[in-house]
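Engineer: Show me the folded form of this:
(one chain, ligands or ions: 1)
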Amino acid sequence: MTTSLRAMEIMALTAKQTNSPWGGLPYYPISQFYRSLFGCKVYKVPVSVAQTCPNREGIKGMQTCNFCDEWGSAAYPEIRHHSLEEQVARTMENMRLNYRAQKFLVYFQAYTNTFSKSQQLRQQFAEAFAFPDVVGAVVGTRPDCISDAVMDLWYEASQTHFMAVELGVQSFDNKQLEWMRRGHLVDKTFQAVERISRSNPQINLGIHLMFGWPDETDEDIIEAAQLTNSLPIHNVKLHNLHVLKNTPLAEDYLAGRFKPIELEDYSRRVMLFLQHLNPRIAVHRLAALSRRSEELLAPRWTAKKMEIYQGLLDYLREHGAYQGQKFADSRLAKIPAGE
Ligand code: SF4
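Structural biologist: Numbers count the residues shown, from 1 in each chain. A predicted model of the protein is given here:
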């Protein structure tokens, strides 16, 4: 097929999808959810305030997750030496200048933000909410790191601000969780989701999933979508497992024990996941993008931010695929009892 013919086909499919409820996108983007809630585009302001996590502290013999670099998943680790107030003010200013942003959510992203005393997080919330244009907070944490004190704090925050929690679930497969050294199994995920949603339905609850594990199959991905559908959550974020320097996974990669997922396979898995995903569940993003390309070992396609996103959209459109397309089939699937 010539490039121009392929482009025309994609344009035709795109035109068909402009009637989609998602502004022409083949999936329900979280930005649309924010816009419907706040009446304008809302930007997440990532901050780096947590310093560590249970794995890094070796709690109960845990080890650093095999894919995690020294920055604990922070998007902007270089700002961690600034106070929270400075981080929020600087990033908001940049976003105002570059995107004319008006409203913001402070995103407590790096490491495990519920590992320290809840009093610390309470103080951080107070500092973040002191900015009039900050409409809420998003807290990234682990399923096994949620105390009663933190739940109380989230409840209080949700009385005045939008309160969201993102759980690093990564996988619904215990073997994969053990391989990546998460330090908890899938039962913790189900317990945490149940506990958070039952105790405070106002919390906007999301999960992070990674694709690209050893021996992962398309069937695993479909099952992950079915399990996601079975949970009382509001959104999901997708990552592709990639190898960063100075991580345990880098050792496996360099020794030939780990082969990163190819873009074609990742694209197909994203498509399968979205096709089986309940269309009411918003999607944060379709792939993890390595901001620090000098730290990226493999796969190299992870470094090409806009190309990956556009490539995934093109892939979905070429296949006429969209979120929820096979959701009815998924609802007939048997979800494992007790999980
Ligand atoms: S991924 Fe999260 S829990 Fe795992 S080592 Fe990194 S910061 Fe800690």
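Engineer: what residues are up against Leu312?
Structural biologist: By C-beta atoms under 8 Å, 6 or more residues apart in numbering, the contact set of Leu312 is Ser267, Val270, Leu286, Ala287. Backbone N, C-alpha and C define where each C-beta goes, glycine included.
Engineer: so which of these comes closest to Ala250?
Structural biologist: Ala287 (19.7 Å; C-beta to C-beta).
Engineer: The closest one contacts Gln310, correct?
Structural biologist: No - counting by C-beta atoms under 8 Å, Ala287 stays clear of Gln310, with 11.2 Å between them.
Engineer: In terms of neighbours, single out the busier of the two.
Structural biologist: A count of neighbours by other C-beta atoms under 10 Å puts Ala287 above the other of Ala287 and Gln310, at 21 against 11.
Engineer: Assign a three-state SS to that one, would you?
Structural biologist: coil (DSSP: H, G, I helix; E, B strand; the rest coil).
Engineer: list the contacts for it?
Structural biologist: Neighbour list for Ala287: Leu238, His239, Asn240, Tyr266, Val270, Thr302, Ile308, Tyr309, Leu312 [criterion: C-beta under 8 Å, 6+ apart].
Engineer: okay, and for this protein, where does confidence drop off?
Structural biologist: Filtered on pLDDT under 70, the chain yields the residue ranges 1-19, 71-79, 110-115, 290-292, 329-339.
Engineer: buried stuff in stretch 217-224?
Structural biologist: For stretch 217-224, burial by neighbour count (16 or more other C-beta atoms under 10 Å) applies to Asp220, Ile221, Ile222, Glu223, Ala224.
Engineer: my guess is Asn240 contacts Thr302, does it?
Structural biologist: Yes - with contact defined as C-beta under 8 Å, Asn240 counts as touching Thr302 (6.4 Å).
Engineer: show me where the stretch 201-339 of the chain has strands.
Structural biologist: For the stretch 201-339 of the chain, strands defined by DSSP state E, counting those that start in this stretch occupy the ranges 204-211, 235-240, 243-244, 282-283, 296-298.
Engineer: So which of the ones you listed is nearest the ligand?
Structural biologist: strand 204-211 (9.7 Å; C-beta to the nearest ligand atom).
Engineer: returning to that earlier point: who wins on neighbours among the contacts of Leu312?
Structural biologist: Leu286 (25 neighbours).
Engineer: From what I see, that one and Gly311 are in contact.
Structural biologist: No - look at Leu286 against Gly311 with C-beta under 8 Å: they stay out of range, at 9.8 Å.
Engineer: if you skip the residues just before and after it, what's nearest to the residue positioned nearest the centre of the chain?
Structural biologist: Nearest to the mean C-alpha position of the chain, by C-alpha atoms, centre = their mean, lies Lys237 at 2.9 Å. Computed as C-beta to C-beta, 6 or more residues apart in numbering, the closest residue to Lys237 that is not its neighbour in sequence is His284, at 3.8 Å.
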